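Colleague: Sharing a model that was predicted from the sequence below.
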Amino acid sequence: MTEYPAPQGLYDPRNEHDSCGVGFVAHIKGEKSHAIVSQALEILANLDHRGAVGADPLLGDGAGILMQIPDPLYRKWAASEGLTLPPPGDYAVAMCFMPQHAAAREFITGQFEKFIAKEGQHLIGWRDVPTNEDGLGKAVLASMPMIRQCFIARGDNCADQDAFERKLIVIRKQTQNPLAALAEKHGLPEITQLYMPSFSSRTVVYKGLLLANQVGSFYEDLRDANCVSALGLVHQRFSTNTFPSWKLAQPFRLIAHNGEINTVRGNVNWMNARRRTMESDLIGTDLDKLWPIVPHGQSDTACLDNALELLLLGGYSLAHAMMMLIPEAWARNPLMDPARRAFYEYHAALMEPWDGPAAVAFTDGRQIAATLDRNGLRPARYCVTTNDLCVMASESGVLPFREADIVRKWRLQPGRMLLIDLEQGRIIEDEELKAELANAEPYAKWLDQAQYKLGDLEAIETDRPLVTPDFEVHVDHVVVHRRQPGYHIGDLEEPGLVLRVVMPYDSHLVVELGDPVGPRR
């Protein structure tokens, strides 16, 4: 798998962005079938024009599908190998892109199995994923990894499936994060090529440096009638100012995204800044094993996927986490319900918005949803049919339905969310969803207890300047939070110096304190 080149000319790997086609199909009642997988691949093929190809027409920017674990397919494989899989939910599948280099692959396998055992889980076995290389371009084949799946059974130290999912992330992070240092230590640069597109007891990702119509033909699993799912999330990548690679194809582990996250550099910096103040009763001491949360050298979408994964790991629901990451335009909206505004204002101290323009589809295997960021500058349309299918995509017409079979069709609006709960078997409307979350806790009360505004502070005389030759502070609408020490913008012990600047102001890095929603963001 090709690594990024060093910064040169107008290229910088920090500017890896995606602008693509995304879509999903889901059975609202949660009924699994191979037809859902086939329809998802049909959506992907019909989004082919939203992807990119190079001078070689057989080299695209990548495509893939995220789906529920196809238990009948894997159970058939296990029986053929004389293995026994635990009940669904009690085993996980790690989809692994392994280096072609045999020694590096052996080293990685040993590291992975070591951490599986260390974290109290049980190795079931390894599976070579069957593939068909017909029709792939030379550049694709040259960078193609060895694709294997590792099956792991839940250990006794995981009380339920959620605890199992948390432990899987801990295993993955401990395996992947130190690879660069280990490569240098052991003289095996190829081990850095390990990438896990998915590692879950609920979902699996099949993706690669493929054209939209090649995903189904390349992965033989996807053509097997035993490959069943109640949802299929697909993506066709069109990278901007970037280099295509197997690992940056989408979907990622939770999301697929059309657009750009233009605030990603600041978002990642803030994630790193909070390391020493972050804690979780659910994650406990395992939290220290996860860093870096956002590895270096990823695309903007991969970074957002890591941030969402962390919030889910900490116990937030899927919708709650996405409302924190991609909030509505709440600050100057007089029509918004006060409880919802308080929800957003409270969480603004915990997480800065990951702003687009962006249309994001996301799933944890139990719910599947889509949202637009507050700018609303990416297309996303959906329809619901009489046979309980919900289809969302970057454009209409990705699946052929008779008009008589469509009971509802509309578009996603800025800041709004479409969410299908497969366990409840229904679409949860945006208003219901957000009202429930906004009223779950007394956010307005917490804000009154924890928040001070500069206008409410007594004026005092001080000889200490707020502007020095090295720093420049522009104050418009600043709120000082005392309950969130990780925010580091307040110093109430010396009211004469209310703001403590934490980053130099220069021509490249500008820090804005407050909640701007205009073009200066």
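Modeller: The structure has been received and is ready for your questions. Nothing here was measured: the structure is a model prediction, and the numbers come from that model.
Colleague: which residues does the residue nearest to the spatial centre of the chain contact?
Modeller: The centroid of the chain falls nearest to Asp305 when counting by Cα atoms, centre = their mean (1.7 Å). By Cβ atoms under 8 Å, 6 or more residues apart in numbering, the contact list for Asp305 reads 252-255. From N, CA and C alone the C-beta is placed, and that goes for glycine too.
Colleague: Looking at the residues you listed, spot the one nearest Leu422.
Modeller: Distance to Leu422 across those (Cβ to Cβ) is lowest for Leu254, with 15.3 Å.
Colleague: Just give me the neighbour total for that closest one.
Modeller: Neighbourhood size, Leu254 [other Cβ atoms under 10 Å]: 27.
Colleague: Please tell me I have it right and it contacts Asp364.
Modeller: Yes - when contacts are counted by Cβ atoms under 8 Å, Leu254 is listed as touching Asp364 (6.6 Å).
Colleague: Pop out the phi and psi values for Ala438.
Modeller: Dihedral pair for Ala438: phi -70, psi -30, per degrees, to the nearest 10.
Colleague: Could I get the contacting residues of it?
Modeller: For Ala438, the contact set (Cβ under 8 Å, 6+ apart) comprises 337, 339-340, 342-343.
Colleague: now swap in Ile147 and tell me
Modeller: Ile147 makes contact with 95-98, 128-129, 131, 208, according to Cβ under 8 Å, 6+ apart.
Colleague: Adjacent strands (with direction) for whatever helix or strand it lives in?
Modeller: Using DSSP states H and E, Ile147 sits in strand 146-153. In the sheet, strand 146-153 lines up against strand 91-98 (antiparallel), strand 122-128 (antiparallel) (DSSP bridges).
Colleague: most surrounded residue in the contacts of Ile147?
Modeller: Of all the contacts of Ile147, the highest neighbour tally under other Cβ under 10 Å goes to Gly208, namely 27 neighbours.
Colleague: what sits against that residue?
Modeller: By Cβ under 8 Å, 6+ apart, the contact list for Gly208 reads 62-64, 144, 147, 215, 218, 246, 249.
Colleague: With Pro197 instead?
Modeller: Applying Cβ under 8 Å, 6+ apart, we find Pro197 in contact with 64, 95, 97, 205-207, 247, 252-253.
Colleague: Got a quick ChimeraX command for the buried subset of those residues?
Modeller: Buried subset of the contacts of Pro197, written as a ChimeraX selection, criterion 16 or more other Cβ atoms under 10 Å:
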select :64,95,97,205,206,207,247,252,253
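Colleague: Out of the contacts of Pro197, which is nearest to Leu44?
Modeller: Gly64 (8.3 Å).
Colleague: Was I right to think the closest one contacts His235?
Modeller: Yes - at 6.0 Å, Gly64 and His235 qualify as touching, with contact defined as Cβ under 8 Å.
Colleague: where do the contact lists of those two overlap?
Modeller: Residues within reach of Gly64 and of His235 at once, by Cβ under 8 Å, 6+ apart, are 207, 249-251.
Colleague: Taking those residues together, which two end up most distant?
Modeller: Using Cβ to Cβ, the pair of the shared contacts of Gly64 and His235 lying farthest apart is Ala249 and Pro251, separated by 8.4 Å.
Colleague: And Gly60, what's its pLDDT?
Modeller: Predicted confidence (pLDDT) for Gly60: 69.
Colleague: Under the pLDDT cut-off, which ranges of the stretch 401-521 of the chain? List them.
Modeller: Along the stretch 401-521 of the chain, the model assigns pLDDT under 70 to residues 460-521.
Colleague: burial of Asp281, as a residue count?
Modeller: The number of residues packed near Asp281 is 7, by other Cβ under 10 Å.
Colleague: my bad, Pro334
Modeller: 5.
Colleague: Next, give phi and psi for the nearest residue to Pro379 once chain neighbours are set aside.
Modeller: Leaving aside its chain neighbours, Pro379 sits nearest to Ser394 (5.5 Å; criterion: Cβ to Cβ, 6 or more residues apart in numbering). Main-chain torsions, Ser394, degrees, to the nearest 10: phi -70, psi -10.
Colleague: how about TSV for the contacts of Gly208, with secondary structure and distance to Ala438 added?
Modeller: Converted to TSV, these look like this (DSSP: H, G, I helix; E, B strand; the rest coil; distance: Cβ to Cβ, whole Å):
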residue	secondary structure	distance to Ala438
Gly62	coil	37
Ala63	strand	37
Gly64	strand	34
Met144	coil	47
Ile147	strand	43
Val215	helix	39
Phe218	helix	44
Trp246	coil	41
Ala249	coil	36
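Colleague: quick check, nearest of the residues you listed to Cys227?
Modeller: Nearest to Cys227 among the contacts of Gly208 is Val215, at 12.5 Å by Cβ to Cβ.
Colleague: Pretty sure Met67 is one of the things that closest one touches, is it not?
Modeller: No - in this structure, Val215 is not within contact of Met67 by Cβ under 8 Å, at 11.4 Å.
Colleague: shared neighbours of these two, anything?
Modeller: Taking Cβ under 8 Å, 6+ apart as the contact rule, Val215 and Met67 both touch Tyr206.
Colleague: residue contacts, Ala358?
Modeller: For Ala358, the contacting residues are 257-261, 326, 372-373, 375, 378, by Cβ under 8 Å, 6+ apart.
Colleague: how close does it sit to Met324?
Modeller: According to Cβ to Cβ, to the nearest Å, Ala358 stands 15 Å off from Met324.
Colleague: cool, Gly232 as well?
Modeller: Distance of Gly232 to Met324, computed by Cβ to Cβ: 26 Å.
Colleague: same thing with Leu350?
Modeller: Plainly put, Leu350 is 7 Å away from Met324 if you go by Cβ to Cβ.
Colleague: between the two, who's got more neighbours?
Modeller: Using other Cβ under 10 Å, the more surrounded residue of Leu350 and Met324 is Met324, with 22 against 14.
Colleague: pretty sure the more buried one is touching Tyr316, no?
Modeller: Yes - Met324 lies in contact with Tyr316 (Cβ under 8 Å); the separation is 7.3 Å.
Colleague: Check the contact lists of the two and give me the overlap.
Modeller: Common neighbours of Met324 and Tyr316 are not found (criterion: Cβ under 8 Å, 6+ apart).
Colleague: need the strands for the stretch 151-300 of the chain, in chain order.
Modeller: Secondary structure of the stretch 151-300 of the chain (DSSP state E, counting those that start in this stretch): strands at 195-200, 203-208, 231-236, 239-240, 255-259.
Colleague: Thanks a lot, see you next time.
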